[in-house]
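Peer 1: Here is my input; please provide its structure:
(2 chains)
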Amino acid sequence: MKKTTAPAPRLLIALAVIALAFLLLPLIGLLAETPWSSLPALLTSPAAAEALRLSIVTSLFAAFFATLLGVPLAWVLARKDFPGQRLVRGIVLLPLVLPPVVGGVTLLTAFGRRGLIGQYLYGWFGIQLPFSTAGVVIAATFVAMPFLVITVEGALRSIDTRYEQAARTLGARPRTVLFRITLPLISASLVAGIVLAWARALGEFGATITFAGNFPGVTQTLPLAVYSALEVSRDEAIALSLVLLAISLTVLVSLRGRFLGGRS
Amino acid sequence: MNPAVLAALVFPLALTACTNNDDATRAITVSAAASLTDAFTEIGAEFTQRNPGTDIRFNFAGSSTLAEQINSGAPVDVFAAASTTAMDRAADALDEPVSFAANSLAIAVPRGNPANIEALSDLTDPNVTIVVCNAPVPCGEAADELFEKNELRVTPASLEPDVRAVLTKVIADEADAGIVYRTDIAAAEQQIDSIDIPDTDNVRTIYPIATTTEAPGQAQAFVDFVLSDVGQDTLRKWGFTSP
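Peer 2: Predicted coordinates for the structure are as follows:
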């Protein structure tokens, strides 16, 4: 990281302070309104515990699927030239910028009971993904995978490919090269990508409520529980928000900006 | 940042801020229950036609969300809720409410009624996918009351944030049935089928309306317009009854 000792323009510093205050104030507001005395009771209520458990299980599954499918995709994008590559990269990044609710609608058109694939899943096997915990995992994987793909692709592009070439010339098979050379070289970025994808999955709301619905114990994850609680008890909503905030902040601080350049 | 660029960014903001305070075209904000979407949109158009100086901005959502927004200080001038409990939740910020309409429930099913639902009792079948509103929302409150009144054990697949979300799930054929208002059936006739619930088994909900304590005069004018013959006729047209 490059630091400078040159004096900074005053306007720049002033705007930077405003930017930070803008991001920080809502967090301070949340902390100020947190009902600290009743916090333990609010967080250990069966509804909160159930939402937390569901959130952790579904986000871990989503991170797993995002990794299983996202790493190969990142590898292809980084190492192969093929027509329409730019378009493919655009499609991969789309869930990052798409409003999650729109993501949920597109998932319904694909995996809903009337959807392109969903109609066969339902007609042949009786599998109904909306309103199921599997539906939550699908929605979370959809929004989380791009984080993994861009982080891993960036890392794959930045490593020295001569190590891989050397292994190849020494007779290593492509699979051996991948598992013994490539993946260890990008391990730090891979971990960062997995954690980022997991954090995004944990915070997922719009696609989930649109595609998977909202039912305690089945599809009501922590963010959905916050939204539902807001209509009954503001204190409960704030307490649950605090949990999400604490987890997310811990994750981001522990990553120390590794996701930015994808360099390990 | 270049001062000219800064000015270009800030100036339009300042301009919009001014229009809000401009008395020539005053805008009032009406927070209304999701079930009022069609009727109020039409009433709003009729109101602005008769009062060219006043613009109406609608904020449609679940009544409990709207009440929560008002309690948190959202700049709202009129609140029309789908239940008295939702209205009571924001009572401190409101003037005395008046009942302006009534509604009751119906079963919405996808076109062709794929699960062959004929009556309320069919909803207890565990193989039927049912969506209802979340309990704090008036339509969820009413649905719970409906199941209780008819002694039905119904396990919904999802608790939706407002009645339009329930309807959307039925229209998309993701749910076999949804508990919605009779008025929603009228509004979505082209896209769904419905099963009526006889009045003796049904639940009736009352819609109150109130101005917020700091609302301008135009807000009261809008409330009066909703209660006038024109407003009431429009509400009838969309399936509401007298309170």
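Peer 1: Residue A:22 is in what secondary structure piece?
Peer 2: helix A:10-33 (DSSP states H and E).
Peer 1: Show me what that helix is packed up against.
Peer 2: Packing partners of helix A:10-33 (3 or more CB pairs under 8 Å, 6 or more residues apart in numbering or on different chains; DSSP states H and E): helix A:234-255. (C-beta placed from N, C-alpha, C; glycine too.)
Peer 1: other SSEs contacting the helix it packs on?
Peer 2: Applying 3+ CB pairs under 8 Å, 6+ apart, one finds that helix A:234-255 contacts helix A:10-33, helix A:39-43, helix A:46-79, helix A:187-203, helix A:222-229.
Peer 1: mind running it again at 6 Å?
Peer 2: Where contact means 3 or more CB pairs under 6 Å, 6 or more residues apart in numbering or on different chains; DSSP states H and E, helix A:234-255 is packed against helix A:39-43, helix A:187-203, helix A:222-229.
Peer 1: Now do the second one against helix A:46-79: the angle between them, please.
Peer 2: Computed by axes from the mean of the first three to the mean of the last three CA atoms, to 10 degrees, the angle separating helix A:187-203 from helix A:46-79 equals 140 degrees.
Peer 1: and the next element down the chain from helix A:187-203?
Peer 2: Downstream of helix A:187-203, the next assigned helix or strand under DSSP H and E is helix A:206-211.
Peer 1: Tell me which residue in chain B sits closest to chain A.
Peer 2: Nearest residue of chain B to chain A (CB to the nearest CB) works out as residue B:158 at 2.8 Å.
Peer 1: any idea of the pLDDT on that residue?
Peer 2: On the pLDDT scale, residue B:158 is placed at 94.
Peer 1: What about it? Give its phi and psi, please.
Peer 2: Backbone dihedrals for residue B:158, given as degrees, to the nearest 10, come out at phi -160, psi 150.
Peer 1: which bits of the stretch 151-264 of chain A sit near chain B?
Peer 2: Within the stretch 151-264 of chain A, the residues that sit near chain B (CB under 6 Å from any CB of the partner chain) are A:213, A:214, A:215, A:228, A:230, A:231, A:232.
Peer 1: ok, so what distance separates the fifth one from residue A:34?
Peer 2: In this structure, residue A:230 lies at 15 Å from residue A:34, with CB to CB, to the nearest Å as the measure.
Peer 1: Give me the more crowded residue out of the two.
Peer 2: The neighbour comparison of residue A:230 against residue A:34 (other CB atoms under 10 Å in any protein chain shown) goes to residue A:230, with 21 against 16.
Peer 1: thought the more buried one was touching residue A:237?
Peer 2: Yes - Residue A:230 lies in contact with residue A:237 (CB atoms under 6 Å); the separation is 4.2 Å.
Peer 1: what's the neighbour count on residue A:39?
Peer 2: Residue neighbour count, defined by other CB under 10 Å, stands at 15 for residue A:39.
Peer 1: which residues are there in chain B that come within reach of chain A?
Peer 2: Going by CB under 6 Å from any CB, the residues of chain B near chain A are B:64, B:65, B:68, B:134, B:136, B:157, B:158, B:159, B:173, B:174.
Peer 1: quick one: what helix or strand has the third one in it?
Peer 2: Read it as residue B:68. Using DSSP H and E, residue B:68 sits in helix B:63-71.
Peer 1: Give me the angle between that helix and helix A:222-229.
Peer 2: Here helix B:63-71 runs at an angle of 80 degrees relative to helix A:222-229 (the same axes, to 10 degrees).
Peer 1: Need the distance between the two termini of stretch B:112-120.
Peer 2: 17 Å (CA to CA, to the nearest Å).
Peer 1: Report the rounded mean pLDDT for it.
Peer 2: Stretch B:112-120 carries an average pLDDT of 92.
Peer 1: likewise stretch A:125-134?
Peer 2: For stretch A:125-134, the mean per-residue pLDDT is 90.
Peer 1: From residue B:53, how far off is residue B:216?
Peer 2: Residue B:216 sits at a distance of 12 Å from residue B:53 (criterion: CB to CB).
Peer 1: more neighbours, the two?
Peer 2: Taking other CB under 10 Å, residue B:216 and residue B:53 do not tie; residue B:216 has more neighbours (15 against 10).
Peer 1: can you give me phi and psi for the more buried one?
Peer 2: Torsion angles at residue B:216 (phi, psi; degrees, to the nearest 10) stand at phi -70, psi 170.
Peer 1: Let me see the domain layout of chain B.
Peer 2: B:3-102+B:205-237, B:103-204 (automatic domain parsing).
Peer 1: tell me the average confidence for the first one?
Peer 2: Summarised as a single mean, pLDDT over domain B:3-102+B:205-237 is 84.
Peer 1: Residues contacting the lengthiest strand in chain B, please?
Peer 2: In chain B, taking DSSP state E as the definition, the longest strand is strand B:98-110. Residues from elsewhere that reach strand B:98-110, judged by CB atoms under 6 Å, 6 or more residues apart in numbering or on different chains: B:117, B:142, B:146, B:170, B:173, B:177-183, B:185, B:192-197, B:202-209, B:226-227, B:235, B:240-241, B:243.
Peer 1: What number of residues are in the vicinity of residue 160?
Peer 2: As the question left the chain open, I've gone with chain A. If we define neighbours as other CB under 10 Å, then residue A:160 has 9 of them.
Peer 1: Chain B, not that one
Peer 2: Residues near residue B:160, counting by other CB under 10 Å, number 26.
Peer 1: mind listing what the closest residue to it other than its chain neighbours touches?
Peer 2: Nearest non-adjacent residue to residue B:160, counting by CB to CB, 6 or more residues apart in numbering or on different chains: residue B:166, 4.8 Å away. Applying CB under 6 Å, 6+ apart to residue B:166 gives the contacts B:131, B:133, B:160, B:178, B:180.
Peer 1: If we only consider those residues, which is nearest to residue A:30?
Peer 2: Ranked by distance to residue A:30 (CB to CB), the contacts of residue B:166 are led by residue B:160 at 26.3 Å.
Peer 1: In contact with that closest one, which residues?
Peer 2: B:131, B:133, B:166.
Peer 1: Narrow these to those in strands?
Peer 2: By the criterion of DSSP E, membership of the contacts of residue B:160 in strands covers B:131, B:133.
Peer 1: where along chain B do the helices fall?
Peer 2: Along chain B, counting by DSSP state H, helices occupy B:3-21, B:37-50, B:63-71, B:84-89, B:138-149, B:163-171, B:182-187, B:217-227, B:229-237.
Peer 1: Dump those helices to JSON lines, plus distance to residue A:9.
Peer 2: Below are these laid out as JSON lines (distance: least, CB to CB, whole Å):
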{"stretch": "helix B:3-21", "distance to residue A:9": "12"}
{"stretch": "helix B:37-50", "distance to residue A:9": "49"}
{"stretch": "helix B:63-71", "distance to residue A:9": "40"}
{"stretch": "helix B:84-89", "distance to residue A:9": "50"}
{"stretch": "helix B:138-149", "distance to residue A:9": "55"}
{"stretch": "helix B:163-171", "distance to residue A:9": "49"}
{"stretch": "helix B:182-187", "distance to residue A:9": "57"}
{"stretch": "helix B:217-227", "distance to residue A:9": "47"}
{"stretch": "helix B:229-237", "distance to residue A:9": "58"}
